[in-house]
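1. Kindly return the folded structure for what I paste below:
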Amino acid sequence: MGREVARLLIAFGSVIAVVGLTFLGMGLAYVDPRSFDITWGAALMIGGGVAAIVGVAMYRVTEEPPHPRSDR
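-> Presented below is the predicted three-dimensional model:
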């Protein structure tokens, strides 16, 4: 169960961080920067990055049960 949650955190966290980068870029692209887009973009980037890092740490810590080997 823990590995699946870790994989979801990695997948969704990285996507959310990239969406935050897009929002930040759109907010800074205007002549008069839009503070709403900059604020939400930075928040999404930070939140997504933290979620991805937590997912990687969870994935590395959880152990997978050993698979039985066949000697064929």
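2. Which secondary structure elements does the helix or strand Arg60 falls within sit against?
-> Taking DSSP states H and E as the definition, Arg60 sits inside helix 35-61. Packing contacts for helix 35-61, counted by 3 or more Cβ pairs under 8 Å, 6 or more residues apart in numbering; DSSP states H and E, involve helix 2-29. Where you see a C-beta, it was placed from the backbone N, CA and C, and this is true even at glycine.
3. For the helix it packs on, list every residue counted as buried.
-> Ala6, Leu9, Ile10, Gly13, Ser14, Ile16, Ala17, Gly20, Phe23, Leu24, Gly27 (16 or more other Cβ atoms under 10 Å).
4. avg pLDDT for that helix?
-> Per-residue pLDDT values over helix 2-29 give a mean of 93.
5. and the angle from that helix to helix 35-61?
-> Inter-element angle recorded for helix 2-29 and helix 35-61: 160 degrees (by axes from the mean of the first three to the mean of the last three Cα atoms, to 10 degrees).
6. for helix 2-29, packing partners?
-> Checking 3+ Cβ pairs under 8 Å, 6+ apart, helix 2-29 ends up next to helix 35-61.
7. Quick one: distance of the helix it packs on to the chain centre.
-> 5 Å (Cα atoms, centre = their mean, to the nearest Å).
8. go on, stretch 6-13?
-> Its chain's average C-alpha position is 6 Å from that of stretch 6-13, according to Cα atoms, centre = their mean.
9. do stretch 12-21 as well
-> Distance, centroid of stretch 12-21 to centroid of chain: 6 Å (Cα atoms, centre = their mean).
10. With stretch 25-41 instead?
-> 21 Å.
11. What of stretch 2-20?
-> 4 Å.
12. Grab the CA positions of it and hand them over as CSV.
-> Only the C-alpha atoms of stretch 2-20 are listed here, as CSV (Å, rounded to 0.1, in the frame of the first residue of the first chain):
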residue,chain,number,x,y,z
GLY,A,2,2.8,2.4,0.9
ARG,A,3,4.5,2.0,-2.5
GLU,A,4,1.3,2.9,-4.3
VAL,A,5,0.8,6.0,-2.3
ALA,A,6,4.4,7.0,-2.9
ARG,A,7,4.1,6.5,-6.6
LEU,A,8,0.9,8.7,-6.7
LEU,A,9,2.7,11.4,-4.7
ILE,A,10,5.6,11.4,-7.1
ALA,A,11,3.3,11.4,-10.2
PHE,A,12,0.9,14.1,-9.0
GLY,A,13,3.5,16.2,-7.2
SER,A,14,5.7,16.5,-10.3
VAL,A,15,2.7,17.4,-12.5
ILE,A,16,1.5,20.0,-10.0
ALA,A,17,4.9,21.6,-9.8
VAL,A,18,5.1,21.9,-13.6
VAL,A,19,1.6,23.5,-13.6
GLY,A,20,2.8,25.9,-11.0
